[in-house]
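Peer 1: model the following, please.
(one chain, ligands or ions: 1)
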Amino acid sequence: MAATITIEPKMHKQPTAVDEKRETILQTEDLSIYYGDNQAVKHANLDIEKHAITALIGPSGCGKSTFLRSINRMNDLIPVSWNEGKIMYEGVDILSKNINTIALRKEIGMVFQKPNPFPKSVYNNITHALRFYGNRKKKQLDEIVEESLRKAALWDEIKDRLHDSALSLSGGQQQRLCIARTLAMEPNVLLLDEPSSALDPISNAKIEELILQLKEDYSIVIVTHNMQQASRISDKTAFFLNGSVIEYGETEKIFTNPDQEKTEDYISGRFG
Ligand SMILES: Nc1ncnc2c1ncn2[C@@H]1O[C@H](COP(=O)(O)OP(=O)(O)OP(=O)(O)O)[C@@H](O)[C@H]1O
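Peer 2: From the prediction side, this is the model:
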């Protein structure tokens, strides 16, 4: 039977049940990812928890972004990329050939390092994909725009600028708009690839605060080079080195009492 990802309408989510927290939402099983002959991720076994923030850390080129992009099959867009192993999401191996990747990317949304709003109005940035996928009424679109911008902590700042170009917003506002655009698709999982590294410290702090709020409703995986950021906001941390997951555990433990010497060396700045 063809494996599909079901999209359930969930505009008005119920509050998260306490007992739902810290369940596993995604599991990678012996996941390896290659670019041609270059093995960028090596046999990764990670359980990503629901309603938690999972940070992926490690030196440049160790495979963090590759791992992240594989979770919603964005890596498929790189022709030389191929993989082995499994990524289980809601009982389905999302690396299967018959997965609907468009539906998958709605459920598992992604935000990139550089804010990349469309050269359209704020309003149309959020409604563009919704219009493409369905015949939503204006009233409904208005509600989604407001709800998404509120969730992205941007509504109060730009509610009078909905028809201005998104490119007229500041860098930090553009990044929160990109987050709002992703939230409008009602994802379960958010993949964030260094979402604040291109921003000034105040915008960075706002994004961090936002990510912490979003964890109530979403499961978040974030790639970051910023050790303070990882220790401030994440619940779990995975340390990658040369494509391998060297250590994975509670963030507090990883940063205060890691099991592996290499982890200790990295977080204390001895390399990387
Ligand atoms: N599009 C691509 N085509 C070919 N090789 C790639 C591609 N993207 C990444 N790689 C290779 O895969 C390996 C892992 O890169 P990746 O970008 O995943 O690491 P990273 O830990 O996210 O690095 P950084 O922190 O610098 O972003 C590197 O050897 C890199 O050269």
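Peer 1: residues of the stretch 51-200 of the chain that sit close to the ligand?
Peer 2: Gly58, Ser60, Gly61, Cys62, Gly63, Lys64, Ser65, Thr66, Ile78, Val80 (Cβ under 6 Å from any ligand atom). Just so you know, the C-beta spots here come from the backbone N, C-alpha and C atoms, and that holds for glycine as well.
Peer 1: let's see it at 5 Å
Peer 2: Residues of the stretch 51-200 of the chain lying close to the ligand (Cβ under 5 Å from any ligand atom) are Ser60, Gly61, Cys62, Gly63, Lys64, Ser65, Thr66, Ile78.
Peer 1: give me the neighbour count for the third one.
Peer 2: By that I understand Cys62. 23 (other Cβ atoms under 10 Å).
Peer 1: ok, now which ones touch it?
Peer 2: Residues in contact with Cys62 (Cβ atoms under 8 Å, 6 or more residues apart in numbering) are Phe240, Leu241, Asn242, Gly243.
Peer 1: check which helix or strand covers it.
Peer 2: When elements are assigned from DSSP states H and E, Cys62 belongs to no helix and no strand.
Peer 1: find the nearest non-adjacent residue to it, please.
Peer 2: Using Cβ to Cβ, 6 or more residues apart in numbering and skipping residues adjacent in sequence, the residue nearest Cys62 is Phe240, 4.3 Å away.
Peer 1: tell me where the stretch 101-250 of the chain has helices.
Peer 2: For the stretch 101-250 of the chain, the helices defined by DSSP state H, counting those that start in this stretch cover 101-107, 122-133, 138-151, 155-158, 171-183, 201-214, 227-233.
Peer 1: so which of the contacts of Cys62 is the most crowded?
Peer 2: Phe240 (26 neighbours).
Peer 1: pLDDT at it, what is it?
Peer 2: For Phe240, the model assigns a pLDDT of 98.
Peer 1: and it, how far is that from Gly171?
Peer 2: 27 Å (Cβ to Cβ, to the nearest Å).
Peer 1: before we move on, the earlier item: in CSV: the helices of the stretch 101-250 of the chain, plus mean neighbour count and mean pLDDT.
Peer 2: Listed next are the helices of the stretch 101-250 of the chain as CSV, based on neighbours: other Cβ atoms under 10 Å; pLDDT from 0 to 100:
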stretch, mean neighbour count, mean pLDDT
helix 101-107, 17, 94
helix 122-133, 18, 93
helix 138-151, 17, 95
helix 155-158, 15, 96
helix 171-183, 24, 95
helix 201-214, 17, 93
helix 227-233, 18, 95
